[in-house]
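Novice: When you get a sec, could you give me coordinates for this:
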Amino acid sequence: MTVQPGRRPRLLILSASAGHAHFRCGQAVEHACKLLHYEWDITHVDILDYTNPLFKTVYSKMYIDMMTKMPEVLGWLYDQLDKPRKTQHPKLAFDRLHVGPFIRLLQRLKPDVVLCTHSLPAEIISWLNGRKKNPMPIRQAIIITDFDVHALWLCEHFEQYFVALDETRVHLQEIGIPGQKVKVTGIPIDPVFSQLPDRGMMRLRHGLDPELPTILTSAGGYGVGKVDTLITLLMRLEHRAQVIAVCGKNASLKHRLELLAADTAQHPRVTLKVVGYTSVMHELMAASDLIVGKPGGMTMCESLASGLIWVIVNPVPGQEERNSDHLLEQGCAIRCNNLPALTYKIDRLLGDPERLEQMRRNSLALARTNAAVSVAENLKAIIESEPFV
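Specialist: Numbering: from 1, shown residues only. Got it, this is the predicted structure:
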C-alpha cells in the first residue's frame, strides 16, 4: 500500500441517534480497531448533527414516540417500505434537503472509508457517489444492525455489507447484491462481551445472591416501555428469584421501582435491584439467566453473547418481530403474548433446569462475540485494497 508520508488511514463511522443501538455498534468497531492496534484516525459522528436541527429533532423523536405510543403504525410503515428498489428514490429526494453540513464534513475529513451503522447515512453516501453532478467517490461499508435486512438499507454504491446471519446474506444475494460484497460477521458488540465472566462472581459484585435465578429487564437508554407493569408481574413469581430492573435515564421510573423494591412484604419470594443508566450492562447480563423485554438488534446480540434466555414481551412490529422469530426458531427464547400469563410462563421455565440449560447453550451457539473484530479486519482489507490519495 502506498501511503503519503505521515498520512494515517482515516475511518469515519456514521451513526444516528434514533435510539442508542446504532451508536453502540459504531463504538464497538472503534474499540476493536484500538484492540487490534490499528494506527488510524477514527472519527465517529451522529449523522443527525449535520442535518437541519428541525429534521434532527423530528427524526429522532418521531422514532421513539412511535415505538412507545404507536408501535402498530411503526410496524405498518416498516412493512410498507420494505420493498427493495421501490422506496429508494423518494427517500433520496427527502435526504437531499439536509446534507449540506454533512458534505462539508466529508470534504474536511477526506475519509478513506466510511462505515455506516444506520441506513440514513448509507443512503446519503450512496447518493453522493452516484449523482451526475459533482459526484464524491467515497468507499463505504454498511452494518445491518438487525437479523433481517430491510429495503431501507439497500444502496447502489458500497464496498461491503456486514450482516448477522447466513440467511440474511442469501436474502441479499437473491435480490441482486453480489455475494462477495456481503460478509457474515454478526452484529458488532463491544469486545468486552468476548469473554464470559463467572456468573456467581458477577452476582456478588453487584450485591446479588449467587444462588438465585436472576432475571434482567431493561428499558433501554431512554427508559421507555411498560417496565412498571413487567416488574409488578415478576414480583409475583412462585420461584425464589431476583430481578434487575435497568431504568436508563428515566429518573421517575427509577424512583417508582425503588419504592417497590423497598416494600418487601408485598413480594417475599422475589428481590428487586433497581439500576439507572449504567456502563456495566455486560456485567449485569453476565449475572443473569433470563432477559425480559423487546429484542432490539444490539441488546439481542449482547444478551446472546452472555448466554441469556429471552422472554419476549410485546416486540415492536417490524424489526423486533423478525428478531423474535429468529430467537424462537433457534430455541433461545419463549414469547409471552398475554402479560397476565407472564409469571406462569417464567415459573414453568424456571422449574425445568434441563430446558434452561439447553436454551442457554442455544443462545451461546447463536452468538457472534467476535463480530466487531471481524468488521475491523474487513475494513482494513478495504483500506488496503488500493492506495489512498
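Novice: ok, and the closest non-adjacent residue to the spatially most central residue of the chain?
Specialist: Residue closest to the average C-alpha location in the chain (Cα atoms, centre = their mean): residue 298, at 2.2 Å. Once flanking residues are discounted, residue 298 sits nearest to residue 21: 3.9 Å by Cβ to Cβ, 6 or more residues apart in numbering. The way it works is simple: take the backbone N, C-alpha and C, and place the C-beta from them, glycine included.
Novice: phi, psi of the one you found?
Specialist: Phi and psi for residue 21, reported as degrees, to the nearest 10, are phi -60, psi -40.
Novice: Using the three-state scheme, assign the residue nearest to the centre of the chain.
Specialist: Here residue 298 is recorded as helix under DSSP: H, G, I helix; E, B strand; the rest coil.
Novice: any low-confidence regions in the stretch 51-200 of the chain?
Specialist: Applying pLDDT under 70 to the stretch 51-200 of the chain picks out residues 59-71, 73-79, 85-98.
Novice: For it, which segments count as strands?
Specialist: With DSSP state E, counting those that start in this stretch as the criterion, the stretch 51-200 of the chain has strands at 113-116, 140-143, 160-163, 182-184.
Novice: now the first one, how far from the centre of its chain.
Specialist: Its chain's C-alpha centre and that of strand 113-116 lie 17 Å apart, by Cα atoms, centre = their mean, to the nearest Å.
Novice: can you check the last one too?
Specialist: For strand 182-184, the distance from its own C-alpha centre to the chain's C-alpha centre is 17 Å (Cα atoms, centre = their mean).
Novice: now stretch 105-114
Specialist: 25 Å.
Novice: Residue 290 and residue 249, how far apart?
Specialist: Counting by Cβ to Cβ, to the nearest Å, the separation of residue 290 from residue 249 is 24 Å.
Novice: ok, these two, which is more surrounded?
Specialist: Legend: neighbour count by other Cβ atoms under 10 Å for residue 290 and residue 249, higher for residue 290 (25 against 14).
Novice: wait, isn't that one in contact with residue 213?
Specialist: Yes. In this structure residue 290 lies within contact range of residue 213 using Cβ atoms under 8 Å: 7.4 Å.
Novice: Tell me where the model's unsure across the stretch 201-350 of the chain.
Specialist: Low-confidence segments of the stretch 201-350 of the chain (pLDDT under 70): 219-225.
Novice: Helices along that one, start to end?
Specialist: Taking DSSP state H, counting those that start in this stretch as the criterion, the stretch 201-350 of the chain contains helices spanning 227-234, 251-262, 281-286, 297-305, 319-329, 342-350.
Novice: quick one: terminal-to-terminal distance for stretch 15-25?
Specialist: Terminal residues of stretch 15-25 lie 8 Å apart, using Cα to Cα, to the nearest Å.
Novice: For the helices of the stretch 201-350 of the chain, give me a markdown table that also has distance to residue 111.
Specialist: Listed next are the helices of the stretch 201-350 of the chain as a markdown table, based on distance: least, Cβ to Cβ, whole Å:
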| stretch | distance to residue 111 |
| --- | --- |
| helix 227-234 | 40 |
| helix 251-262 | 38 |
| helix 281-286 | 30 |
| helix 297-305 | 24 |
| helix 319-329 | 28 |
| helix 342-350 | 47 |
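Novice: sorry, back to before: so which of the strands of the stretch 51-200 of the chain is nearest residue 273?
Specialist: strand 140-143 (32.8 Å; Cβ to Cβ).
Novice: tell me which strands and helices the closest one is in contact with?
Specialist: Applying 3 or more Cβ pairs under 8 Å, 6 or more residues apart in numbering; DSSP states H and E, one finds that strand 140-143 contacts strand 113-116, helix 119-130, strand 160-163, helix 371-383.
Novice: Now do it: everything it contacts.
Specialist: Here strand 140-143 makes contact (Cβ atoms under 8 Å, 6 or more residues apart in numbering) with 25, 29, 113-117, 122, 125-126, 129, 153, 155, 157-162, 187-188, 375, 378-379, 382.
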